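**Q** Fold the stuff below for me.
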Amino acid sequence: MNYGLHHVALSTPDLDRCIDFYCRVFGAELAVPEARWEVGTQHADRSLEVSDSAARFAHIKVGKAFIEIFEFESPAPLKPARRSVDIGIAHLCFEVDNVDEEYRRMKDCGMEFHSEPIDFGDGSRYVYGKDCDGNIIELLQAPLSSGTPSNYL
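**A** All right, here's what the predicted structure looks like:
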């Protein structure tokens, strides 16, 4: 069987703002225009394990991957406090050619970062920041000489 990661999904309180952030800061492209489902769409409720769900959503493309973004109208979403050490998806990582240049460019676009880029010690460099909803984002520069898994692609 051939497994490949197709997409990750994010939930946001503002779909338009989130799409704008990823398109402006990451150069993402709208891959599938906005769609929606209304309350009463039973297959959505079953798959999400909720009742009376309704949402707008879209897919954007960043490099070779997709991000599916949902804005739930019903039920009302909760915004739990999340740290990168909490159980669940800890962060999204984007591989870049030059982490220092991207850090400066994205910071100029208003992206918040935890620190300046850090040397991992094997030739790779990385930095953590946050998207417009507080999801943790890693930028990774991994030359072929490093021990980072991108060398196996």
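**Q** Check which residues of the lowest-mean-pLDDT helix or strand in the chain are buried.
**A** When the helices and strands of the chain are scored by mean pLDDT, DSSP states H and E, helix 42-48 comes last with a mean of 85. The neighbour-count check on helix 42-48 (16 or more other Cβ atoms under 10 Å) flags Ala44, Asp45 as buried. All C-beta atoms are positioned from the backbone trio N, CA, C, and that covers glycine.
**Q** just stretch 124-134 next, same as before
**A** Ser124, Arg125, Tyr126, Val127, Tyr128, Gly129, Asp131, Cys132.
**Q** Would you reformat those as TSV and include distance to Cys23, secondary structure and pLDDT?
**A** Listed next are the buried residues of stretch 124-134 as TSV, based on distance: Cβ to Cβ, whole Å; DSSP: H, G, I helix; E, B strand; the rest coil; pLDDT from 0 to 100:
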residue	distance to Cys23	secondary structure	pLDDT
Ser124	27	coil	86
Arg125	25	strand	90
Tyr126	23	strand	93
Val127	21	strand	94
Tyr128	21	strand	95
Gly129	17	strand	94
Asp131	12	coil	94
Cys132	11	coil	93
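**Q** coming back round to it: contacts made by the following helix or strand past the least confident helix or strand of the chain with the rest, please.
**A** Using DSSP states H and E, the helix or strand that follows helix 42-48 towards the C-terminus is strand 54-62. Residues outside strand 54-62 that contact it (Cβ atoms under 8 Å, 6 or more residues apart in numbering) are 7, 15, 19, 22-23, 26-39, 41, 44, 66-74, 94.
**Q** sorry, back to before: farthest-apart pair in the buried residues of stretch 124-134, please.
**A** Ser124 and Cys132 (26.4 Å; Cβ to Cβ).
**Q** List of residues touching stretch 3-16?
**A** Contacts of stretch 3-16 (Cβ under 8 Å, 6+ apart): 18, 34, 56-59, 65-72, 77, 79, 89, 92, 131-133, 135.
**Q** can you rerun that using 6 Å?
**A** With contact meaning Cβ atoms under 6 Å, 6 or more residues apart in numbering, stretch 3-16 is reached by Cys18, Arg56, Phe66, Ile67, Glu68, Ile69, Phe70, Glu71, Pro77, Asp133.
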